[in-house]
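K.L.:
sequence and predicted model, in that order:
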Amino acid sequence: MDNNVSQEGGGGERAAENNETPLSPQHRLSNTTKEAWILHSLKSRRTEFLKTHQINAFVGTWNVNKRIAASSDEIAQWLGFVSKENNSQIEFGKLPELIILGFQEMEAGAEAFVYNNEVKAGEWSEAVEQAMGNARYSYSTLVSKQLIGMFIKVYARIDVLANIRCIQTASVGCGIMGMVGNKGAVAVRLVYMDTPVCLVCSHLAHGPLQLDRRNEQFHDLCKRLAFGDQVQGMPTADPLIPTSSLFGSGQATVGRPLTVFDSSYLLWFGDLNYRLAIDTEDMDAVIRRGEHLSLLGLDQLRIAMMNKQAFVGFEEADIQFAPTYKYLVGAEDEYDVSRRPSWCDRILWWTHPGCEGGIKSNEYTALKSLKTSDHKPVRSRISMDVWKTDVDKRQSVYLDVLRELDRYENECIPTAVLESTQVDFGDVVFGRMVRRQMKLSNSGQVPLEYSFIATPARESYAPEWLQISPDSGMLLPGQDIQLEFTVMVDETTSAPLSAREEDLADILVLHLTRGRDYFIQVQGNYLPSVFGMSLDVLVHCKKAVRHMTRAEFEQCLVSGQFSVPKCIWSMTDFLSRYAVERGYSLFYWPGDRNLAKKIKECLDLDLALDPNAILQWHADAENHVARTVVEEQSPRIQALAQPLNTQAQTQMQMQHQHQLQEHQQQQQQQRELRALSEEPVGRTTSDAHMASLMDQTLVSSTLHTGFRGMELIPNTAGTNPGIPPTTAEALERLSLNNAWGSSVAATAAAAPVLERETPSSGMPTSESLETSSQTDSEIDETSAAHTLLPSNVRSVNRSIGGTSSLYDDDRLTGSPLPETIGNSGLSAPHDSGIDTVASCLVELLQSLPEPLIPTDLYNACIEAGGVSRAAALEALEILPPGNLNVLVYLLAFLREAIECGATSAQRVAQVFGRVLLRPSSCDRSSRDYERAESFLMFLLRSHGSI
């Protein structure tokens, strides 16, 4: 492997000693690369064979509303460049080279749908020529085309007639049944010097609600408007490309019909009928005040162009005139109140990519003074660059370019300079992208084609956790590009990395076509995390996963002992203590990202969650929720609300801290006494009763001691006590005492399997802010905690839970975490620290490579969600013991949160239905989401109140 960061890739080496030896076909450049080389070279030498000229053109469009021809005075105002006096002097050089006129609704009678009535077209043509005055002798009719009411006519100044050739016309109807010509377009294609120009006059569907129809008609016209076949020698849209070229669009168009886009310029005008998106009550008043430009943001045509729905790549001059439709006939500035004013009449243009110069608008306006129609006529004066090509000279330059390319192709091989051959991502954690860049330069004299290729050890060019952009491309001589390497470890790739079965390292192969290969080493230090780790590993881990070695991971997997993962227990314990028991909401609000990073770090390092560092204790606007129940009971709490000097504040804080420490010592003594009185029920795989699903449900002593209020009802219905119960029976037997016993927070602390450890530093144990002052376990802690809460929190609990059914709360529907409550009506206080822990719990379950309910059970559970509770229990019959253990523990925690009013069953189903049930693919229908929520509701509503 080449480790020289600036080493050229064998640029001076030749495939053969003889420079004249041609390369083999597989070593030659692709046609795409050759075309890019040819165009680049021809463009740099275009002045040798191309001479550019600028011409002026008048473009006008008018929907005449089936009216007779307007007077010559009105048409002269429309044209603008002619004098009304017949004997006036004409400055020939200032007249536009082309006059392009488009009319709509010239004829709209019933008979017009059968044949074209050329009488109206003749009347309007005569009126236009009369309006030109003496200037009409300077022009000649070039071409005209009519389709029912649509009519296009082009005049050319007599001195430029010799420059115009290859004139073609076309028409397409797309009105009734998509074919009739009441709507559609007429078009003209011509070649000015060696510049193909296409002119389209169209009339699209009317009505403010026909936006999609207008967009469809535009695309239909682009496909169906066709002219004669391209022939050899006819100028192409790109003046750089000879029609005899082996590459490029010139050769591609020979022998096929020409479309409107086979032109250097495309002018599209007419009654496009795009309206304003919405109607406002004061629209007419806004226009009368001259503030009509404020309505342009509602223009459907601009919206369609911005959204790439129609007229993509087209341009339009700035609109400074009022909407052109719909006026009262005979009125100058009075709109028809039954119609929404709109800019229906438009003039747009499109320029072929690669054409130098282009089109410039010198004027774009509408004539309000013309009252013949309900549309105002629109005109535009444009300047257009056209060119004359010296065909022989271009062919000579083209052949020179080919010879130069052939020489380079046969004598040179591509060479490159890589900024480095190593990419180090540093520390990488689950779910966070890390990007690095490396510059690749073409240091040779020929185009360089590169790509990352697969190796014999791997089918793809990069491991799944790595993305490269761009992974292939072409560089011309002297060009360079930044290659971006992005590493992202998610649930699909994290399992082997988390268990240290694989390293975050690989070797990539960068291949140069006809050149050498580069070997790039990518590496990073993946920090194992509980996020993205397999549940099979989590239930066996007894220490911080961040510091475990591969051997320790393998050893814990064969130990046979498993329990609820410490990370899940830590978060549910924290939420139970500081959210459920204190009346704070759960699973409604997003958490803080920076705080979430610290919480994840604590979980990975097996540190206790410090409430002092996490809790924010946000209060509602009217009643500030006390930080702790002890603080609310303290007689000094009112004094603390008054302004104090620094010394008084310090003394009071010390006294308050002393009270907290005494209270914590009392609570710790109570937990130690309870722990001594309880018997662990942890099992190993070697136990004789491991096959019993009852044992599978209770293998974790954390589950047993963490929820002491839960007990299994003995099977006394005449069943054989020696026969293991089914999953349904085990779940049915799991119930709650009527008194609900001790809370999760109060009892989980005594878990013998997950003993609470004293943190080394940084994050103290979560008991540091434990606030319950109860010492008698016989007191109902739920009701007692409710009594000790501030009045505003108690009212919130009653409004959420109360005495109504815990599962009838249909108010809190909507999107799952992390979206906020919105207008759900929930008034419970929330704390961003609690919200962050709750979000981390959901994210942890989401990050499991294999969900808590395995994917092979997904279809059965989804179907059961639409059947019954019994079907839901039956679907979990073959759930692995470790998964079942965690599921029962999690359901018990969620059940307690629901009963205490911290959340609703509907919200729990919305959030956890999506993370506990995940299909193998990413595709899920709305029906699947509904069934998943229903499935979880069945589990929550099961007999025994799981």
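P.N.:
Received it, and whenever you're ready, just let me know what you need. For clarity, every value in this text was computed on a predicted model and none was experimentally measured.

K.L.:
Asp856: what secondary structure?
P.N.:
Here Asp856 is recorded as helix under DSSP: H, G, I helix; E, B strand; the rest coil.

K.L.:
in the helix or strand hosting Glu874, what's buried?
P.N.:
Assigned by DSSP states H and E, Glu874 falls within helix 869-875. In terms of neighbour count (16 or more other CB atoms under 10 Å), helix 869-875 has its buried residues at Arg869, Ala871, Ala872, Leu873, Glu874, Ala875. Every residue, glycine included, has its C-beta placed from N, CA and C.

K.L.:
Serialize these to a markdown table and add fields for distance to Ala162.
P.N.:
Below are these laid out as a markdown table (distance: CB to CB, whole Å):
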| residue | distance to Ala162 |
| --- | --- |
| Arg869 | 89 |
| Ala871 | 86 |
| Ala872 | 86 |
| Leu873 | 91 |
| Glu874 | 89 |
| Ala875 | 85 |
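
K.L.:
sorry, back to before: what average pLDDT does the next helix or strand after the helix holding Glu874 get?
P.N.:
Using DSSP H and E, the helix or strand that follows helix 869-875 towards the C-terminus is helix 881-899. Mean per-residue pLDDT for helix 881-899: 87.

K.L.:
other SSEs contacting helix 881-899?
P.N.:
helix 535-538, helix 566-575, helix 693-697, helix 701-706, strand 734-736, helix 744-748, helix 905-916, helix 926-940 (3 or more CB pairs under 8 Å, 6 or more residues apart in numbering; DSSP states H and E).

K.L.:
hmm, who's touching the first one?
P.N.:
Looking back up the chat, that one is helix 535-538. 498-499, 530, 545, 553, 556-557, 565, 567-568, 848, 850, 852, 882-883, 886 (CB atoms under 8 Å, 6 or more residues apart in numbering).

K.L.:
now for the nearest residue to Gly532 once chain neighbours are set aside, how many residues are close by?
P.N.:
Using CB to CB, 6 or more residues apart in numbering and skipping the chain neighbours, the partner closest in space to Gly532 is Ser494 (3.0 Å). By the measure other CB atoms under 10 Å, the count of residues near Ser494 is 23.

K.L.:
same thing with Ser202?
P.N.:
Counted with other CB under 10 Å, residues neighbouring Ser202 total 27.

K.L.:
and the residue lying closest to it once chain neighbours are set aside, what element?
P.N.:
Nearest residue to Ser202, sequence neighbours excluded (CB to CB, 6+ apart): Ala185, at 3.7 Å. According to DSSP H and E, Ala185 maps onto strand 184-192.

K.L.:
now Gly102: how far from Asp835?
P.N.:
Distance of Gly102 to Asp835, computed by CB to CB, to the nearest Å: 62 Å.

K.L.:
an error on my part: the question was meant for Thr486.
P.N.:
From Thr486 to Asp835 the distance is 30 Å (CB to CB).

K.L.:
okay, those two: which has more neighbours?
P.N.:
Using other CB under 10 Å as the criterion, Thr486 and Asp835 rank with Asp835 on top: 27 against 15.

K.L.:
OK, contacts around that one?
P.N.:
Contact analysis of Asp835 by CB under 8 Å, 6+ apart lists Tyr588, Trp589, Pro590, Gly591, Asp592.

K.L.:
low-confidence regions, the stretch 751-900 of the chain specifically.
P.N.:
For the stretch 751-900 of the chain, residues meeting the criterion pLDDT under 70 lie at 751-828.

K.L.:
how does it look with 50?
P.N.:
751-825 (pLDDT under 50).

K.L.:
before we move on, the earlier item: so what are the sheet partners of the strand holding Ala185 and their directions?
P.N.:
Using DSSP bridges, strand 184-192 pairs in its sheet with strand 164-173 (antiparallel), strand 195-203 (antiparallel).

K.L.:
mean pLDDT for those - can I get that in TSV?
P.N.:
Converted to TSV, the strands paired with strand 184-192 look like this (pLDDT from 0 to 100):
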stretch	mean pLDDT
strand 164-173	94
strand 195-203	96
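
K.L.:
tell me which of those strands sits most buried.
P.N.:
Ranked by mean neighbour count, the strands paired with strand 184-192 are led by strand 195-203 with a mean of 26 (mean count of other CB atoms under 10 Å).

K.L.:
what's the following helix or strand after that strand?
P.N.:
That would be, after strand 195-203 and using DSSP H and E, helix 211-224.

K.L.:
now do the buried residues in that following helix.
P.N.:
Leu211, Arg213, Arg214, Asn215, Glu216, Gln217, Phe218, Leu221, Cys222, Arg224.

K.L.:
any regions of the stretch 1-150 of the chain where pLDDT drops low?
P.N.:
1-27.

K.L.:
and what of the stretch 501-650 of the chain?
P.N.:
Applying pLDDT under 50 to the stretch 501-650 of the chain flags residues 618-646, 648-649.

K.L.:
70 instead, please
P.N.:
Scanning the stretch 501-650 of the chain for pLDDT under 70 picks out 558-561, 617-650.

K.L.:
how about the helices in it?
P.N.:
For the stretch 501-650 of the chain, the helices defined by DSSP state H, counting those that start in this stretch cover 535-538, 550-557, 566-575, 593-604, 611-614, 629-633, 637-640, 646-676.

K.L.:
share the number of residues neighbouring the closest residue to Lys360 other than its chain neighbours, please.
P.N.:
Once flanking residues are discounted, Lys360 sits nearest to Ser383: 4.5 Å by CB to CB, 6+ apart. Neighbourhood size, Ser383 [other CB under 10 Å]: 15.

K.L.:
surely Ser383 and Asn362 touch.
P.N.:
Yes. The criterion here is CB atoms under 8 Å, and Ser383 meets it with Asn362 at 6.1 Å.

K.L.:
which residues are common contacts for those two?
P.N.:
Shared contacts of Ser383 and Asn362, defined by CB under 8 Å, 6+ apart, comprise Asn56.

K.L.:
now Gly330: how far from Trp124?
P.N.:
Distance from Gly330 to Trp124, by CB to CB: 19 Å.

K.L.:
tell me which of those two has more neighbours.
P.N.:
Trp124 (22 against 10).

K.L.:
look up how far Ile152 lies from the more buried one.
P.N.:
Distance, Trp124 to Ile152, using CB to CB: 12 Å.

K.L.:
repeat that for Ile359.
P.N.:
Ile359 is 18 Å from Ile152, by CB to CB.

K.L.:
look at those two and report which has more neighbours.
P.N.:
More crowded of Ile359 and Ile152, by other CB under 10 Å: Ile152, with 26 against 20.

K.L.:
not counting sequence-adjacent ones, nearest residue to that one?
P.N.:
Sequence neighbours aside, Cys201 is the residue nearest to Ile152 in space, at 4.2 Å (criterion: CB to CB, 6+ apart).

K.L.:
tell me which other helices or strands whichever strand or helix holds the residue nearest to Lys360 touches.
P.N.:
Taking DSSP H and E as the definition, one finds Ser383 inside strand 378-389. On a contact count with 3+ CB pairs under 8 Å, 6+ apart, strand 378-389 meets strand 50-63, strand 195-203, strand 265-271, strand 345-351, strand 359-366.
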